[in-house]
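Visitor: Here is my input; please provide its structure:
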Amino acid sequence: MATNVSQYKCPNCGASIPFDPGTQKLKCAHCGTEYDIETLQSMQAEENIETDSFGWQEYTSQTMDNDSGQIVYVCPSCGGEVIGDKTTSSCQCPYCGNNVIVEDKLKDIYKPDLVIPFKYTKEQAKQEFSKYLKSKKLLARDFSFEKVVDKINGLYVPYWLFDCDCSCQARFNATRMRAYSTADYDIEEIDHYLVYRDGNVSFSHVPVDGSDNLPAELLEALEPFDFSKAVDFNTAYLAGYLSNQYDVDSDSAIKRANERIKNSTTEAISATLIGYTTVFPLSSNVRFDNGKVSYALLPIYIFSAKYNGKVYNFAMNGQTGKFSGNLPADPKRTISYGFIIFLAITIVMFIILMITQR
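Guide: I've put the predicted structure just below:
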């Protein structure tokens, strides 16, 4: 099966030009020439300019039918095989570093509305990950970036973004407690209230990942993203990075979106209950209106590390630098810190007990 694939080439020297997070431009790794994306768009819009004159080259792929679902693209620069799968929309030749964008995976219903460009380079991501590891006091002593990190990939992950207005009605049991003492008694007064709340909340760009390949809890821990920095989609932002098209459609993602929106709405309503000692929810009703969904690619670095025969996966928000993932703990450090915490609590309780007995 033939597939249209494209690449960005430097008009000055012919080398590959990936997207550079530092300048937010396409930057040639060979001659250092920078290309503004808006200028490139204008060149694309010029009817009389040949495609190849500003660096696009199209070629076809060879598709292999096998059990793994892998697709092999032939790199036009070196003839090497570039391995992808059915959702791959951009990748990189492992032999010559040529950037490959699979145009057929970015058309029609698979064309994103928005993209948040990477802000951190791969080298900066490595540095931030090393700092992150050093900040973990219970981390296994021989677990370091240089020793165990197997690979790092910059990946544009597909997300569905949900907008809606919500109205919420909720009822709560609440109490106010007052304690005082007389000459003969210690008195505790508790007043009980039935509290009703009715409010409206608007949501914009509630993200739900559209990929089955990465754990949802790993991705959700990277939030929030700053969507004020999102831009209209352009394939230039994908140059030099991996990206996948969604394999979870918006209809399948809406259940998770509704769950997140409902929880956030009830939390916002509950936050208005001020001045009570205890609050217990009784019932709530959330109504959704003016729903809208858009499709976006968001920047994430994926780290893979091997340690003591086990693979650990981590992720970093490519825009904010926030990390998520599980780390191997050092048993001795864990016991030592546990003992220190236990000792500190014991001392505090002893001091409190001595004060109360005076």
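Visitor: quick one: low-confidence parts of the stretch 101-250 of the chain?
Guide: 138, 144-148, 150 (pLDDT under 70).
Visitor: ranges for the strands of it?
Guide: 114-115, 149-181, 186-209, 231-232, 242-244 (DSSP state E, counting those that start in this stretch).
Visitor: Can you say which of those is nearest to Ala29?
Guide: Of all those, strand 149-181 sits nearest to Ala29, with 14.6 Å by CB to CB. Placement of C-beta: from N, CA and C, glycine included.
Visitor: can you pull the buried residues of that closest one?
Guide: 149, 152, 154-164, 166, 168, 170, 172, 174 (16 or more other CB atoms under 10 Å).
Visitor: cool, and stretch 200-213?
Guide: 201, 203, 205-211.
Visitor: then it to CSV, C-alphas only?
Guide: C-alpha atoms of stretch 200-213 as CSV (Å, rounded to 0.1, in the frame of the first residue of the first chain):
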residue,chain,number,x,y,z
ASN,A,200,-22.5,27.3,37.3
VAL,A,201,-19.0,26.5,36.1
SER,A,202,-17.5,26.7,32.6
PHE,A,203,-14.7,24.5,31.4
SER,A,204,-12.2,25.0,28.6
HIS,A,205,-9.8,22.4,27.1
VAL,A,206,-10.3,19.5,29.6
PRO,A,207,-7.7,17.0,28.3
VAL,A,208,-8.3,13.3,27.8
ASP,A,209,-5.5,11.3,26.1
GLY,A,210,-6.5,9.7,22.8
SER,A,211,-3.9,6.9,22.9
ASP,A,212,-4.0,3.4,24.1
ASN,A,213,-0.2,3.1,24.2
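Visitor: distance between that stretch and the chain's centre?
Guide: Stretch 200-213 has its C-alpha centroid displaced from the chain centroid by 11 Å (CA atoms, centre = their mean, to the nearest Å).
Visitor: For it, which outside residues touch it?
Guide: 87, 157-168, 216, 219-220, 223, 225, 227, 230, 244, 246-250, 253-254, 256-257, 260-261, 264-265, 268, 294-296, 298 (CB atoms under 8 Å, 6 or more residues apart in numbering).
Visitor: next one: stretch 230-237
Guide: Against stretch 230-237 from outside (CB under 8 Å, 6+ apart): 6, 8, 19, 26, 37, 40-41, 90, 101, 103, 106, 111-118, 156, 205, 296-297.
Visitor: from the chain's centre, how far out does it sit?
Guide: Distance of stretch 230-237 from the chain centroid (CA atoms, centre = their mean) equals 17 Å.
Visitor: again, but for stretch 220-227
Guide: Per CA atoms, centre = their mean, the centroid offset for stretch 220-227 relative to its chain is 6 Å.
Visitor: what do you get for stretch 118-135?
Guide: Mean-position distance between stretch 118-135 and its chain equals 15 Å (CA atoms, centre = their mean).
Visitor: what comes up buried for that stretch?
Guide: Judged by neighbour count using 16+ other CB under 10 Å, the buried positions of stretch 118-135 are 118-122, 124-126, 128-129, 132-133.
Visitor: same check, this time on stretch 216-231
Guide: Quick answer for stretch 216-231 (16+ other CB under 10 Å): 218-219, 222, 225, 230.
Visitor: right, and out of those residues, which lies closest to Thr182?
Guide: Leu222 (55.6 Å).
Visitor: got a list of what the closest one touches?
Guide: 300, 315-317, 320, 322-324.
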